[in-house]
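In: Requesting a structural model of the entry that follows:
(one chain, ligands or ions: 2)
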Amino acid sequence: MTSTATLPTKMKAWTYAEYGKSSEVLKLETDVDTPQIKDDQVLVKVAAAGINPIDFKRMAGMFKVMDSPLPIIPGYDVAGVVVKVGSQVRKFKEGDEVYGDINEKALDHPTQFGTIAEYTAAAEKLLALKPKNLSFIESAGLPLAMETAYEGLERCHFSAGKSLLVLGGAGGVGTMIIQIAKQVYGASKIAATSSTGKLELLKSLGADLPIDYTKQNFEDLPEKFDVVYDAVGQCERAVKAVQEGGHVVTIYGAVVPPATSFLLTSDGTILEKLEPYLDSGKVKPIIDPKGIFSFAQTPQAFAYLETGRVVGKVVIAIN
Ligand SMILES: NC(=O)C1=CN([C@@H]2O[C@H](COP(=O)(O)OP(=O)(O)OC[C@H]3O[C@@H](n4cnc5c(N)ncnc54)[C@H](OP(=O)(O)O)[C@@H]3O)[C@@H](O)[C@H]2O)C=CC1
Ligand SMILES: CC[C@H]1OC(C)=C(O)C1=O
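Out: Ligands and ions are numbered 1, 2, ... in the order given. All right, here's what the predicted structure looks like:
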């Protein structure tokens with residue numbers, strides 16, 4: 001039982017006190033107050049934090065209207081150990097290894113105190129027990145991207161025997177869309193786009209038809225798909241690739257009818273639902289070979305993610 005007395009009142013965290021480029025505004029602070037938890041929250045000693053494009057877009061001030069006050073600690077995805085539980089918490093106890101996306105709604109007042117810190121607070125409903133076969137680093141790269149992939153397929157009523165085209169198959173979300181569509185839903189055929197050097201990766205994840213977007217326009221293919229999932233911002237072209245009566249969903253950029261868009265809702269029960277596929281290895285975390293950074297290298301982690309060329313995920317090892 002970790003008594004409150006043994007928890008530090010101060011911690012290290014990467015923060016930004018003004019909006020701007022990560023290379024300019026991110027600062028390492030060493031005397032940040034350790035977060036206080038609400039009754040329905042747990043305090044997590046952070047082992048690893050996954051970063052997502054939303055982190056640098058938010059930092060740039062793209063969503064400041066609905067943001068929490070500055071200074072902000074970035075980071076949505078966490079994997080770590082529960083060190084304190086609120087009075088209403090029932091799912092977890094001290095010592096549990098957990099993971100999740102700590103912001104239920106990505107843009108509606110995401111927490112001021114994110115995950116790129118030694119400790120972070122999170123509502124128990126947003127977390128799940130970390131899969132025993134996955135490391136903290138592997139787990140920290142999953143929540144936001146995997147939950148987005150799953151929610152988009154659900155919103156398109158994806159089901160066994162349907163065909164799918166993924167625009168952006170090699171990214172954090174795209175690598176999960178392909179695997180989940182194949183392994184969880186039983187897709188009949190999966191096509192996915194990437195540049196030349198990532199085509200083999202798409203096939204290894206389960207894509208039957210990797211499309212090199214530097215050489216081919218997917219919308220010019222004679223084949224149309226039951227579902228088109230746009231993770232790049234190519235909605236205007238995506239709607240030309242869907243079967244009559246099919247569904248198009250986009251997670252970024254302009255929405256062109258009949259496509260729909262959504263903002264993910266973080267939910268620990270999705271992580272629990274997908275755990276058997278993670279345990280069995282049918283769905284695997286995809287961490288970029290150059291995508292693991294130390295706490296001190298957080299600016300470099302952002303710089304790499306901001307290239308827009310990452311394969312799978314970028315993760316920061318913290319403890
Ligand atoms: N609405 C929502 O709830 C959410 C929205 N998003 C948004 O979705 C987008 C994807 O997120 P995420 O996967 O984390 O991003 P990543 O940074 O992980 O995506 C990087 C990948 O995108 C690929 N890519 C870039 N341009 C293209 C292109 N024209 N065609 C095909 N692939 C391309 C790159 O492959 P290559 O090098 O081969 O081009 C690279 O592998 C982001 O804009 C993000 O902000 C993400 C999560 C939730
Ligand atoms: C407007 C979409 C926005 O929300 C998330 C989570 C992103 O990554 C975005 O770009």
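In: What separation do you get for the closest residue to Phe295 other than its chain neighbours and ligand 2?
Out: Excluding the flanking residues, the one nearest Phe295 by C-beta to C-beta, 6 or more residues apart in numbering is Ile318, at 4.9 Å. From N, CA and C alone the C-beta is placed, and that goes for glycine too. With the distance defined as C-beta to the nearest ligand atom, to the nearest Å, Ile318 ends up 22 Å from ligand 2.
In: Can you give me the pLDDT of Ile318?
Out: Reading off the confidence values, Ile318 has pLDDT 96.
In: Repeat that for Ser3.
Out: Taking Ser3 on its own, its pLDDT is 58.
In: picking up where we left off before, tell me how far the residue nearest to Phe295 lies from ligand 1.
Out: The separation that Ile318 has from ligand 1, given C-beta to the nearest ligand atom, amounts to 20 Å.
In: List the residues that contact that residue.
Out: Val46, Ala47, Ala48, Ala49, Gly80, Ile116, Ala117, Glu118, Phe295 (C-beta atoms under 8 Å, 6 or more residues apart in numbering).
In: So what are the sheet partners of the one helix or strand the fifth one maps to and their directions?
Out: Using DSSP states H and E, Gly80 maps to strand 77-85. Neighbouring strands of strand 77-85 in its sheet, by DSSP bridges, are strand 41-51 (antiparallel), strand 97-101 (antiparallel).
In: now the ones you listed in JSON lines, with mean pLDDT?
Out: Output for the strands paired with strand 77-85, formatted as JSON lines (pLDDT from 0 to 100):
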{"stretch": "strand 41-51", "mean pLDDT": "98"}
{"stretch": "strand 97-101", "mean pLDDT": "99"}
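In: JSON lines please, covering these and showing distance to ligand 2.
Out: Below are the strands paired with strand 77-85 laid out as JSON lines (distance: least, C-beta to the nearest ligand atom, whole Å):
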{"stretch": "strand 41-51", "distance to ligand 2": "11"}
{"stretch": "strand 97-101", "distance to ligand 2": "9"}
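In: how about these, which one is nearest Ser87?
Out: When the strands paired with strand 77-85 are compared for distance to Ser87 using C-beta to C-beta, the nearest one is strand 41-51, at 10.1 Å.
In: Do you know the pLDDT at whichever residue of the stretch 151-300 of the chain sits closest to ligand 1?
Out: Nearest residue of the stretch 151-300 of the chain to ligand 1 (C-beta to the nearest ligand atom) works out as Gly171 at 2.6 Å. As predicted, Gly171 sits at a pLDDT of 98.
In: how about the residues of the stretch 201-319 of the chain that lie near ligand 2?
Out: Contacts of the stretch 201-319 of the chain with ligand 2, taken as C-beta under 6 Å from any ligand atom, map to Tyr252, Leu263.
In: which bits of the stretch 201-319 of the chain sit near ligand 1?
Out: Counting by C-beta under 6 Å from any ligand atom, the residues of the stretch 201-319 of the chain near ligand 1 are Tyr213, Ala231, Val232, Ile251, Tyr252, Leu263, Leu264, Leu305, Gly308, Arg309, Val310, Val311.
In: if you set the cut-off to 8 Å instead, what comes out?
Out: 213, 231-234, 251-253, 261-264, 305, 308-314 (C-beta under 8 Å from any ligand atom).
In: Show the buried residues in those.
Out: 213, 231-232, 234, 251-252, 261, 264, 305, 310-314 (16 or more other C-beta atoms under 10 Å).
In: Closest one to Lys130 out of these, please.
Out: Lys313 (15.4 Å).
In: Retrieve the pLDDT associated with that closest one.
Out: 99.
In: looking at it, it is touching Gly141, isn't it?
Out: Yes. Lys313 lies in contact with Gly141 (C-beta atoms under 8 Å); the separation is 3.4 Å.
In: Would you mind listing the residues touching both of those two?
Out: With C-beta under 8 Å, 6+ apart, Lys313 and Gly141 have common neighbours Gly50, Gly172, Pro285, Ile286, Ile287, Gly291.
In: Which of those residues fall in helices?
Out: Of the shared contacts of Lys313 and Gly141, the ones assigned to helices by DSSP state H are Gly172.
In: Which one of the shared contacts of Lys313 and Gly141 is nearest to Ala122?
Out: Looking across those and measuring by C-beta to C-beta, the closest to Ala122 is Gly50, at 13.5 Å.
In: if you skip the residues just before and after it, what's nearest to the closest one?
Out: In space, Gly50 is closest to Asp77, 3.3 Å off (C-beta to C-beta, 6+ apart).
In: tell me the contacts of that neighbour?
Out: 49-52, 99-102, 115, 140-144.
In: Turn these into a markdown table, including distance to Glu244 and neighbour count.
Out: Shown next, in a markdown table, are the contacts of Asp77 (distance: C-beta to C-beta, whole Å; neighbours: other C-beta atoms under 10 Å):
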| residue | distance to Glu244 | neighbour count |
| --- | --- | --- |
| Ala49 | 44 | 34 |
| Gly50 | 38 | 33 |
| Ile51 | 39 | 32 |
| Asn52 | 34 | 24 |
| Tyr99 | 40 | 29 |
| Gly100 | 39 | 32 |
| Asp101 | 35 | 32 |
| Ile102 | 41 | 25 |
| Thr115 | 43 | 33 |
| Ala140 | 41 | 31 |
| Gly141 | 37 | 32 |
| Leu142 | 35 | 32 |
| Pro143 | 35 | 29 |
| Leu144 | 33 | 27 |
